[in-house]
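[1] Task: produce atomic coordinates for the following.
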Amino acid sequence: MNPLEWDDEQKLEAIGEGQDREFKSARGGFPGSFWETYSAMANSDGGMIFLGIREEDEFGVVEADGLTEKQINEYHKILWDSVNNRGKISRNLLTTSHVQVVELEDAKVLAVHVPRATRNERPVYLGPTPFGNTFRRSHEGDYHCTDDEVRRMLADADPVPVDQRILDGFTLEDLDTTSLSQYRQRFSATKPDHPWLTLDVRELLEKLGGWRRDRATGKSGLTLAGLLMFGKYQALTDPEAAPQYFVDYREKLDPAQRWSDRLYPDGTWEANLFQFYTRVWPKLIADLRVPFRLEGAQRKDETPVHEALREALMNALVHADYTAPGGIVIEKARDRFSMENSGTLLVSLEQLRRGGVSECRNKALQQMFIMIGGGERAGSGYDRIQSGWRSQHWRAPSLTTQFQPERVRLVLPMISLIPEDVMTTLQKQFGPRFDKLSKQEVQALATAYIEGEVSNVRLQELLVDHPVEITRILQGLCTQGFLVSDNRRRWTKYRLAKAGDSLHSPQESLHLEEDSSHLEGMSEEQRILAAQIATKRKAPVSAVRDVIQRLCAGRFFTSDELAQLLKRNPDGLRNRYLTPMVTEGILKLRYPETPNRPDQAYTASEVAK
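    So this is what the prediction gives:
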C-alpha cells in the first residue's frame, strides 16, 4: 500500500485538479456508493472520484490501496456498462477523457472526473424516477434531494423559462396600473424612440414576455414574469402564482439601531419587483461619492461602483427562483452591501467568474429590466461587479451558495484589501515573524482577520495563484502557527491562531494528554518537523516515518509523547509506524525484554541514523 501524497495530485490537473474529491477503496469490488456520488457531483459543481484510495478518519491517513490490472479492466467495464444503462443512472456525462488510470508511486488508481451537469441535464438520478433518487454534495458528503428540490431542477431544465409559465385564472386586473404607467415612463426615458412605446398595455406586455400565447395549445394569458414585475401583492402571493415571494431591503448604518431603514411588504405599497427596484436603488447609492466627470459634453454621474451595484441587484432579481423559500434580501451596512436570493446558480462558480455565458432563470424579467437600463445579456455581469470593486481597491466580492434552503449570497465589502489598522494588529499579534511573510500569506491572514475565516475558494477570488499553491500557503501558515484549520477534509476553513491555540485546531485534536515535559530538549528543527506532520493529517507514510526517526535520534519517546507531538492516535501510531520500524531495525526499544510495558519508549538505532 502506498500513501497518496497531496503533491502527487498535481499530476491530475488535466482532469480537474482542485475540485471536490471522493475516495473509495474498491478493494472488495466496484463500490455501489459510486453512483450516489456521481449523481451528487453532477447535480452540484462536479468533482473527482478515485477508486483504489481509502481514507481513514481515525488516523488521518489517505492511502492508495491500488488496483490490479484485472480490477482496472473489470471496473472499466462496469463503469461504462452502468453509465450507459438508463435503469442505473439517468444520464451519461462521461467521455473517455474523464476516466484515467493514475499511477501513484507503484500503485494504480482509477480516477473519474464527473463534470457538472448543465441546467438542461439536471437532475441526474439513480433508477427509474428522480424522486427519492437524486443527490447533491454538501460538506458532509452526498445527501438526498427533497422532492421540492427535484421539482425545481426539472423546472429549470424545461425549455420554457420558469417565468414564462402562463397563470390560469389571472388577468390584467391583477396588475398594478401605477407600476405599468411608471415603467412606461422609464422605458421612454431610456429608449425614447422605441416602437414598443406606442403599444397598448397588453401588446407591450406580450413584447416584454409578460403575456404569452402557447402555440401548441392555443392557451394565452398573463405570465409569472408579468405578475412578478407589475402585479398586485395579493395576486403575487396567491398559491397558484408565487406563494413564497418576499422582498426585503435592510439598512443598518447606526450600530445602536437594529435597522436604520427597512422596506418590505407591509401593505403600504404594491410590493412587486418594479416597485421594489425603484425604491431600493436610490437607497443603495445614496451615500456613494460621485466625482464630477464629463463624457463629451455630458456630465457622467455614475461610477464603476454604481454599475457594479446595479448589476448585483439585477442578478439577485432576475436569477432568483421565486418558487423556493427565502425570497430576496438586500442589505446595506456601513462597510458592505449584500444581495441574497433564493435558488441555485445555473452555471458553476468557475464559469461565472470566467464570464461569457449568460444563463438566466427568468429571461422575461431580464428583458423587462434591460429595457429600462437594468443590466444586459452579455454574460459579463460578474466581471463588471469585480472590476467595479477593483476600481476602489476594495476587497473582492464574495459569492457563496448553499442548499436546504437553496440560497445564493453576494457580499460586496467596502474595505481596502489590507487596511492599515489590520496590518498593525497582525504585526502586534505575531511580532517580527509577520514581517517575513509573503504578500500572499499576508493577504490570507488579513482575510482571516477581516472576515473571520479564510478558505482556498475565497483566496482564489483575491489571488492569482493556482489552487494547489494556495493550499500550500494555507497549510504553511498552519505549520508556522499563524492559522488553525477546521480540517473538514472538503471545504476546509482556517482562522487566525489565538493565544493558547496549538498548531492544530481543537477539531483536529484527538484529545490526548497535554503533558508537555517531553518537549524539553527538542531542537527548533525537531519542533518544526513535528509541527509539519501534525498539520498534515493526510501526510505520506514515508514522511511520518522519516520524522519519527529524526525526532528519536539521540533520545527516547513513548508512543503517547509521539502521538501528542504528531497529533495521531497512540495505538494507531504504534501499530502502523513504531512496531514496524522496530522490526525493520530503524528504531529500538528502551526495554527490549518487555516490549509491552506501558512506559515503553523508542529511539533511533545507531545503524539507522
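[2] If you average the pLDDT over the helix or strand hosting residue 350, what comes out?
    Taking DSSP states H and E as the criterion, residue 350 maps to helix 349-354. The pLDDT scores in helix 349-354 average 73.
[3] buried stuff in that helix?
    349, 351, 352 (16 or more other CB atoms under 10 Å). For the C-beta atoms, the positions are set from N, CA and C on the backbone; glycine is no exception.
[4] What backbone torsions are found at residue 589?
    phi -90, psi 150 (degrees, to the nearest 10).
[5] and the next helix-or-strand element following the helix holding residue 350, what does it pack onto?
    Downstream of helix 349-354, the first helix or strand assigned by DSSP H and E is helix 363-370. The contact analysis (3 or more CB pairs under 8 Å, 6 or more residues apart in numbering; DSSP states H and E) places helix 363-370 against helix 201-208, helix 224-230, helix 273-285, helix 304-319.
[6] and among those helices, the most buried is which?
    Most buried of these by mean neighbour count (mean count of other CB atoms under 10 Å) is helix 224-230; its value is a mean of 28.
[7] what does that one contact?
    For helix 224-230, contacts defined as CB atoms under 8 Å, 6 or more residues apart in numbering pick out 162-165, 167, 170, 174-176, 179-180, 183, 205, 208-211, 235-236, 241-242, 245, 272-274, 322, 362, 364-365, 368.
[8] what comes up buried for the helix or strand following that helix?
    Downstream of helix 224-230, the first helix or strand assigned by DSSP H and E is helix 233-236. By neighbour count on 16+ other CB under 10 Å, the buried set for helix 233-236 is 233, 235, 236.
[9] Now helix 233-236 - C-alpha only, CSV.
    Presented in CSV, the C-alpha positions along helix 233-236 are these (Å, rounded to 0.1, in the frame of the first residue of the first chain):
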residue,chain,number,x,y,z
TYR,A,233,-49.0,41.8,-3.9
GLN,A,234,-52.1,39.8,-3.0
ALA,A,235,-52.2,38.3,-6.5
LEU,A,236,-48.5,37.8,-6.5
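[10] could you give me the average pLDDT of it?
    96.
[11] still on that earlier bit, from the buried residues of helix 349-354, which is closest to residue 450?
    residue 349 (21.1 Å; CB to CB).
[12] need the contact list for that closest one.
    Contacts for residue 349 were tallied using CB under 8 Å, 6+ apart; they are 45, 399, 401, 457.
[13] Let's see the PyMOL selection covering just the buried ones among those.
    Here is the PyMOL command that selects the buried residues among the contacts of residue 349 (16+ other CB under 10 Å):
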select buried, resi 45+399+457
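[14] Now render the contacts of residue 349 as TSV, adding pLDDT.
    Listed next are the contacts of residue 349 as TSV, based on pLDDT from 0 to 100:
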residue	pLDDT
45	87
399	89
401	86
457	84
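[15] Could you point out the member of the contacts of residue 349 that lies closest to residue 195?
    Closest to residue 195, out of all of those and judged by CB to CB, is residue 399, at 38.0 Å.
[16] secondary structure element for residue 332?
    If you go by DSSP H and E, residue 332 is part of strand 328-333.
[17] Tell me which other helices or strands that strand touches.
    Partner elements for strand 328-333 (3+ CB pairs under 8 Å, 6+ apart): strand 247-252, helix 273-285, helix 304-319, strand 336-342.
[18] helices or strands next to the longest one in the packing?
    For helix 304-319, the helices and strands in contact under the criterion 3+ CB pairs under 8 Å, 6+ apart are helix 273-285, strand 328-333, strand 336-342, helix 363-370, helix 381-390, strand 407-413.
[19] Residues in contact with that helix: which ones?
    For helix 304-319, contacts defined as CB under 8 Å, 6+ apart pick out 273, 276-277, 280-281, 284-285, 288, 290, 328, 330, 337, 339-341, 343, 345-346, 360-362, 365-366, 369, 374-375, 381-382, 384-389, 391-392, 397, 408, 410, 412.
[20] Give me the mean pLDDT for it.
    92.
[21] distance between that helix and the chain's centre?
    In this view, helix 304-319 has its centroid 21 Å away from the chain centroid, taken as CA atoms, centre = their mean, to the nearest Å.
[22] same question, stretch 451-468
    On CA atoms, centre = their mean, the centre of stretch 451-468 falls 11 Å from the chain's centre.
[23] Can you give me the buried ones in it?
    In stretch 451-468, counting by 16+ other CB under 10 Å, buried: 451, 454, 455, 456, 457, 458, 459, 460, 462, 463, 467, 468.
[24] Can you name the two of those residues that sit furthest apart?
    Using CB to CB for every pair in the buried residues of stretch 451-468, the one that comes out farthest apart is 451 and 468, at 22.5 Å.
[25] Show me the residue sitting in the middle of the protein in space.
    With distances taken as CA atoms, centre = their mean, the residue of the chain nearest its centroid is residue 400 (5.7 Å).
[26] which non-adjacent residue is nearest it?
    residue 409 (5.2 Å; CB to CB, 6 or more residues apart in numbering).
[27] Count the neighbours of that neighbour for me.
    16 (other CB atoms under 10 Å).
[28] my read is residue 143 is in a strand, agree?
    Yes. When DSSP: H, G, I helix; E, B strand; the rest coil is applied, residue 143 is found to be in a strand.
[29] in this structure, which helix or strand is least confident?
    strand 2-3 (a mean of 46; mean pLDDT, DSSP states H and E).
[30] Which SSE is immediately downstream of that strand?
    Past strand 2-3, the next helix or strand by DSSP H and E is strand 21-24.
[31] which secondary structure elements does the helix or strand just after that following strand contact?
    For strand 21-24, the following helix or strand on the C-terminal side (DSSP H and E) is helix 34-42. Under the contact criterion of 3+ CB pairs under 8 Å, 6+ apart, helix 34-42 touches strand 21-24, strand 47-51, strand 107-114, strand 135-138, strand 141-144.
[32] make it 6 Å
    The elements that helix 34-42 packs onto, with contact taken as 3 or more CB pairs under 6 Å, 6 or more residues apart in numbering; DSSP states H and E, are strand 107-114, strand 135-138, strand 141-144.
[33] ok, and what's touching that helix?
    22, 47, 49, 89, 93, 114, 117, 124-126, 135-137, 142 (CB atoms under 6 Å, 6 or more residues apart in numbering).
[34] wait, which of the buried residues of helix 233-236 is closest to residue 265?
    Checking the buried residues of helix 233-236 one by one against residue 265 (CB to CB), the nearest turns out to be residue 233, at 5.5 Å.
[35] How about the closest one: what's its closest non-neighbour residue?
    Once flanking residues are discounted, residue 233 sits nearest to residue 271: 4.6 Å by CB to CB, 6+ apart.
[36] Does the one you found fall in a helix, a strand, or a coil region?
    With three-state DSSP as the criterion, residue 271 reads coil.
[37] That one is in contact with residue 277, isn't it?
    No. If you go by CB atoms under 6 Å, residue 271 and residue 277 don't touch, sitting 11.2 Å apart.
[38] which of the residues in stretch 205-223 are buried?
    205, 206, 208, 209, 210, 211, 212, 221, 222, 223.
[39] Also stretch 598-606?
    In stretch 598-606, the ones that count as buried by 16+ other CB under 10 Å are 600, 601, 602, 603, 604, 605.
[40] Next, count neighbours for the residue lying closest to the second one once chain neighbours are set aside.
    Looking back up the chat, that one is residue 601. Nearest residue to residue 601 in three dimensions, chain neighbours excluded: residue 556, at 3.7 Å (CB to CB, 6+ apart). Residue 556: 17 surrounding residues under other CB under 10 Å.
[41] Need the pLDDT of residue 556.
    On the pLDDT scale, residue 556 is placed at 89.
[42] Against residue 474, how distant is residue 484?
    Going from residue 484 to residue 474 by CB to CB, to the nearest Å gives 11 Å.
[43] Ok, residue 594 next?
    Relative to residue 474, and taking CB to CB, residue 594 is found at 44 Å.
[44] quick revisit: isn't the residue nearest to residue 601 right next to residue 599, touching?
    No. In terms of CB under 6 Å, residue 556 does not count as a neighbour of residue 599; the distance is 10.0 Å.
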